[in-house]
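In: here are the coordinates; sequence isn't available:
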């Protein structure tokens with residue numbers, strides 16, 4: 001989360017992102033969780049011999065519910081998950097494997113010096129209000145995000161020098177220095193396009209350009225979309241979508257078994273067998289990082305030996321086994337992000353070495369508190385408590401409501417250890433930000449990260465990120481308990497439902513339901 005993108009047997013709530021507070025601040029307590037102009041295709045889902053029913057309603061079970069629909073001023077993965085690409089669109093978007101594709105723009109060019117980005121808009125784009133989209137709307141949207149600190153994505157546009165309309169169909173953005181991440185940033189909230197001068201109350205309604213329109217929001221219950229038959233691109237495959245918000249994982253499985261859901265996301269691995277035979281279970285990749293945060297700015301965790309000892313005390317494979325899903329990670333960059341490297345050598349399971357490091361640091365009878373949002377359950381805390389006890393560390397678990405976590409840990413940095421699921425892609429910059437709640441301050445990491453962002457060659461940029469990530473891992477700035485996978489139950493007859501990265505983006509335009 002940032003924007004903080006599960007019950008350790010599941011996954012949900014996301015954690016904060018970059019400098020802007022992107023955690024799940026927009027969630028209710030109950031919910032705590034050059035391509036064609038038509039954008040990215042969706043992957044095939046459950047197979048079916050029947051023809052697609054253009055009048056079908058798709059009902060999807062989700063965990064995370066937003067408390068507001070104002071995606072411009074409210075952070076939270078819950079909003080991006082359902083609104084981006086379905087209701088609102090940007091110049092560019094991204095595929096499930098985080099590849100950048102054109103969306104409202106039919107093409108884009110980047111100057112050889114990496115400073116000038118020129119976007120040409122598709123024809124016939126209209127807002128849901130009926131107004132025609134022009135370059136003036138794009139300029140106004142991006143300029144507002146750049147100038148207004150209260151707008152989500154503001155920090156992503158800090159390096160923009162100017163935004164101008166060359167003509168009604170062409171937008172030119174000039175940067176003050178090259179940015180390897182700039183185009184990717186435009187796939188998020190920073191790049192969304194809104195109607196210039198629009199007075200729509202975005203907290204409960206919308207006015208986007210996407211393939212769906214909002215029809216109803218029953219707070220605490222569901223959110224409903226209808227196909228936008230005036231959509232500028234390929235029309236959606238279903239007539240309507242209902243998102244049922246079911247924050248309890250067992251209740252979600254029960255709803256799926258009762259026949260009220262076509263798709264259930266965030267299936268608990270331990271409950272998945274109950275759906276065998278009735279649903280196809282897909283396992284998707286994510287950028288979700290189960291992160292055990294260390295307060296690097298607070299003694300004794302400001303001692304690298306203590307942090308490394310804690311990492312060595314953790315049996316990461318046992319955590320994966322207990323959860324029933326996910327893969328080991330060991331470093332701050334997940335496999336779908338540039339700069340990923342296998343860093344398992346930095347934290348092998350070695351309780352004896354952990355005890356030796358603690359003794360060397362004078363911390364043989366250490367007591368620490370783990371602050372964790374209550375919805376993550378007990379699996380991770382129990383395993384960590386057991387592992388740490390073996391090396392002489394007593395762990396007290398403080399399970400709190402998410403708003404309390406936001407206030408105490410994320411905002412005030414008042415904690416020893418904390419666990420949340422960071423879902424945002426390309427968020428390594430958190431470790432290059434000494435003001436982030438990790439409290440990690442390493443000038444070499446900051447230098448390498450800054451170089452990676454201005455490097456024009458993607459491979460060289462990724463190599464710089466990899467170097468920085470290895471330093472972070474060896475410094476034991478945090479521990480990465482696992483890279484999450486998402487389990488989705490899809491009933492027969494539903495085709496094209498996304499599989500990967502659905503915790504942060506759920507593009508449903510290509511989904512169909514058979515008759």
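Out: Happy to help now that I have it. Keep in mind that this is a model prediction, so the values were computed, not measured.

In: ok, how many other residues are close to residue 175?
Out: A count of nearby residues for residue 175, using other Cβ atoms under 10 Å, gives 20. C-betas here are computed from N, CA, C, even on glycine.

In: so what's it bridging to?
Out: Beta-bridge partners for residue 175, by DSSP bridges, are residue 160.

In: how close does it get to residue 150?
Out: Look at residue 175 and residue 150: by Cβ to Cβ, to the nearest Å, they are 23 Å apart.

In: same check, this time on residue 183
Out: Computed as Cβ to Cβ, the residue 183 to residue 150 distance reads 24 Å.

In: neighbour count: those two, which is higher?
Out: For residue 183 versus residue 150, the count of surrounding residues by other Cβ under 10 Å is larger for residue 183: 17 against 9.

In: residues in contact with the more buried one?
Out: Residues in contact with residue 183 (Cβ atoms under 8 Å, 6 or more residues apart in numbering) are 92, 100, 108, 110, 117.

In: and if we set it to 10 Å?
Out: 91-92, 94, 100, 108, 110, 117, 173, 191 (Cβ atoms under 10 Å, 6 or more residues apart in numbering).

In: residue 125 too?
Out: Counted by Cβ under 10 Å, 6+ apart, residue 125 has contacts 37, 89, 103-104, 106, 132-134, 137, 169, 193, 209, 231-233.

In: among those residues, find me the one that's closest to residue 496.
Out: Nearest to residue 496, judged by Cβ to Cβ, of those is residue 233 at 15.4 Å.

In: residue boundaries of the helices in the stretch 51-200 of the chain?
Out: Taking DSSP state H, counting those that start in this stretch as the test, the helices found in the stretch 51-200 of the chain are 77-83, 135-147, 182-185.

In: who does the second one touch, helix- and strand-wise?
Out: Under the contact definition 3 or more Cβ pairs under 10 Å, 6 or more residues apart in numbering; DSSP states H and E, helix 135-147 sits against strand 116-121, strand 160-167, strand 170-175.

In: if you set the cut-off to 6 Å instead, what comes out?
Out: The contact analysis (3 or more Cβ pairs under 6 Å, 6 or more residues apart in numbering; DSSP states H and E) places helix 135-147 against strand 160-167.

In: contacts for the strand it packs on next, please.
Out: Applying Cβ atoms under 6 Å, 6 or more residues apart in numbering, the contact partners of strand 160-167 are 135-136, 139, 142-143, 146, 171-176.

In: show me the two of the residues you listed that sit farthest apart.
Out: Among those, 136 and 176 lie farthest apart (Cβ to Cβ), at 23.2 Å.

In: the more surrounded of the two?
Out: residue 136 (14 against 11).

In: list the contacts of the more buried one.
Out: Contacts of residue 136 (Cβ under 6 Å, 6+ apart): 165, 196.

In: what separation do you get for it and residue 196?
Out: Relative to residue 196, residue 136 is positioned 6 Å away (Cβ to Cβ).

In: dump the residue contacts of residue 368.
Out: 395, 416-417.

In: which ChimeraX command selects the buried ones in the contacts of strand 160-167?
Out: The buried subset of the contacts of strand 160-167, as determined by 16 or more other Cβ atoms under 10 Å, is captured in ChimeraX by this line:
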select :135,139,142,143,146,171,172,173,175
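
In: mind putting the contacts of strand 160-167 into TSV with pLDDT and distance to residue 400?
Out: Shown next, in TSV, are the contacts of strand 160-167 (pLDDT from 0 to 100; distance: Cβ to Cβ, whole Å):
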residue	pLDDT	distance to residue 400
135	98	47
136	98	46
139	98	43
142	98	37
143	98	39
146	98	35
171	98	44
172	98	47
173	98	42
174	98	45
175	98	41
176	97	41
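
In: the contacts of strand 160-167 into CSV, with extra columns for distance to residue 297?
Out: Shown next, in CSV, are the contacts of strand 160-167 (distance: Cβ to Cβ, whole Å):
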residue, distance to residue 297
135, 45
136, 46
139, 41
142, 35
143, 36
146, 31
171, 42
172, 42
173, 36
174, 37
175, 32
176, 31
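
In: out of the contacts of strand 160-167, flag the one nearest to residue 241.
Out: Nearest to residue 241 among the contacts of strand 160-167, counting by Cβ to Cβ, is residue 142 at 28.5 Å.

In: need the pLDDT of the nearest residue to that closest one once chain neighbours are set aside.
Out: With Cβ to Cβ, 6 or more residues apart in numbering as the criterion, residue 142 has its nearest non-adjacent residue at 4.9 Å, and that residue is residue 163. pLDDT, residue 163: 98.

In: residue 163 and residue 174: what is the separation?
Out: For residue 163, the distance to residue 174 equals 8 Å [Cβ to Cβ].

In: of the contacts of residue 183, which belong to strands?
Out: 92, 94, 100, 108, 110, 117, 173 (DSSP state E).

In: and which of the residues you listed is nearest to residue 369?
Out: Ranked by distance to residue 369 (Cβ to Cβ), those are led by residue 94 at 37.8 Å.

In: quick one: contacts for the closest residue to that closest one other than its chain neighbours?
Out: Once flanking residues are discounted, residue 94 sits nearest to residue 187: 4.3 Å by Cβ to Cβ, 6+ apart. Contact analysis of residue 187 by Cβ under 6 Å, 6+ apart lists 92-94.

In: let's see it at 7 Å
Out: Shown in contact with residue 187 (Cβ atoms under 7 Å, 6 or more residues apart in numbering): 90, 92-94, 100.

In: same deal with residue 227?
Out: Residue 227 touches 211-212, 235-236, 238-240, counting by Cβ under 7 Å, 6+ apart.

In: can you do 10 Å?
Out: Residue 227 makes contacts with 54-55, 211-213, 235-241, 509, as judged by Cβ under 10 Å, 6+ apart.

In: can you spell out which residues form a bridge with it?
Out: Applying DSSP bridges to residue 227 yields these beta-bridge partners: residue 212.

In: isn't residue 131 right next to residue 200, touching?
Out: No. Applying Cβ atoms under 10 Å as the test, residue 131 and residue 200 come out as separate, 11.0 Å apart.

In: quick check: neighbours shared by these two?
Out: Residues touching both residue 131 and residue 200 by Cβ under 10 Å, 6+ apart: residue 207.

In: what number of residues lie near residue 357?
Out: 24.

In: now residue 194
Out: For residue 194, the neighbour count with other Cβ under 10 Å is 24.

In: excluding sequence neighbours, find me the nearest residue to it.
Out: Nearest residue to residue 194, sequence neighbours excluded (Cβ to Cβ, 6+ apart): residue 141, at 4.9 Å.
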